[in-house]
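Participant: quick one: sequence and predicted model below, then my questions.
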Amino acid sequence: MNPSKVIGLVALAEKPGLGEALRIMRRELSRHGLGSCVIETPDALERAIGRCGMLVTFGGDGTMLTVSSLAAMHRVPLAGVNLGRLGFMTTCSVQELPLLAYALQEGSYLTDERSMLEVVRVGGDGVAAPPRKLALNEVSLIRAQSGKMVDLDAEIDGELLNRYHADGVLVSTPTGSTAYSLSAGGASGLAHVPCRMRHPHLPAQPDQSFRGAS
């Protein structure tokens, strides 16, 4: 890690044991000569990320998902300490914080790159409207009006893949395929396989197209 950078400790939601976990992590980082800053709001994260060489989230998978888009845009590695209920991605425990601080100081860790979805909203004039959005798990297009289905065309490189008359369509990454997509009845995939999974929300007719890689 660049020695001029600090470790950003991201704590966006109050969790039991959060204060003690942050105290331990800052103490251990200081012992290894690493600077750190505590980030408690999304606005503070946007202001601080430019001086961070690594982000460590404190919470559950939801906290990591919230931070992942901005971290990816700035190409800042992301680690997670699990203080929540789900810890599929936030695998570090509070007891392992001294080991995490040591690994960051030594550079003795591996990064695991995951594919993401980029979301761009295009207006009627064909011009993409900001802001750019990235999603680590999934993107869901859902009807805006209750009790009314929507018609959606799915295309790949301008070629029609399928038409849906449904409540919406879910598109997930391999990472997200075992989350909302799986709960909705979609396919699952290995995290490093370069594919996208799509699944209609309560379609009027079953999806007849291949529901795996696309």
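Facilitator: Sure, I can see it. Numbers count the residues shown, from 1 in each chain.
Participant: please enumerate the strands of this protein.
Facilitator: Shown for the chain, the strands assigned by DSSP state E span residues 6-10, 36-39, 52-59, 78-82, 117-122, 128-135, 138-142, 150-156, 159-166, 168-172, 197-201.
Participant: partner strands of the third one and their direction?
Facilitator: Taking DSSP bridges as the criterion, strand 52-59 pairs within the sheet with strand 6-10 (parallel), strand 78-82 (parallel).
Participant: distance from the chain centre to it, please.
Facilitator: Mean C-alpha position of strand 52-59 versus that of the full chain (CA atoms, centre = their mean, to the nearest Å) differs by 13 Å.
Participant: one step back: adding mean pLDDT and mean neighbour count, write the strands paired with strand 52-59 out as CSV.
Facilitator: For every residue, glycine as well, the C-beta is placed using N, CA and C. Compiled in CSV, the strands paired with strand 52-59 are given as follows (pLDDT from 0 to 100; neighbours: other CB atoms under 10 Å):
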stretch, mean pLDDT, mean neighbour count
strand 6-10, 97, 23
strand 78-82, 95, 24
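Participant: as JSON lines, these with distance to M149 would be great.
Facilitator: Shown next, in JSON lines, are the strands paired with strand 52-59 (distance: least, CB to CB, whole Å):
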{"stretch": "strand 6-10", "distance to M149": "39"}
{"stretch": "strand 78-82", "distance to M149": "37"}
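Participant: who wins for proximity to A103 among the strands of the chain?
Facilitator: The closest of the strands of the chain to A103 is strand 78-82. By CB to CB, the value is 9.1 Å.
Participant: contact partners of stretch 12-23?
Facilitator: 9, 11, 38-42, 45, 57-60, 62-63, 66-67, 81, 83-84, 94, 97 (CB atoms under 8 Å, 6 or more residues apart in numbering).
Participant: give me the buried entries from those.
Facilitator: The neighbour-count test (16 or more other CB atoms under 10 Å) applied to these identifies 9, 11, 39, 45, 57-60, 62-63, 66-67, 81, 83-84, 97 as buried.
Participant: quick one: contacts for the closest residue to E40 other than its chain neighbours?
Facilitator: In space, and not counting its chain neighbours, E40 is closest to A11: 5.7 Å by CB to CB, 6 or more residues apart in numbering. Contact analysis of A11 by CB under 8 Å, 6+ apart lists 18, 22, 38-40, 57-59, 63.
Participant: hmm, 6 Å instead?
Facilitator: Applying CB atoms under 6 Å, 6 or more residues apart in numbering to A11 gives the contacts 18, 40, 58.
Participant: wait, A166 sits on P200?
Facilitator: Yes - using CB atoms under 6 Å, A166 makes contact with P200 at a distance of 4.1 Å.
Participant: what is the burial count for S181?
Facilitator: Using other CB atoms under 10 Å, S181 is surrounded by 24 other residues.
Participant: quickly note the distance from the nearest residue to it once chain neighbours are set aside to A128.
Facilitator: Once flanking residues are discounted, S181 sits nearest to S172: 3.9 Å by CB to CB, 6+ apart. Between S172 and A128 the distance is 22 Å, computed by CB to CB, to the nearest Å.
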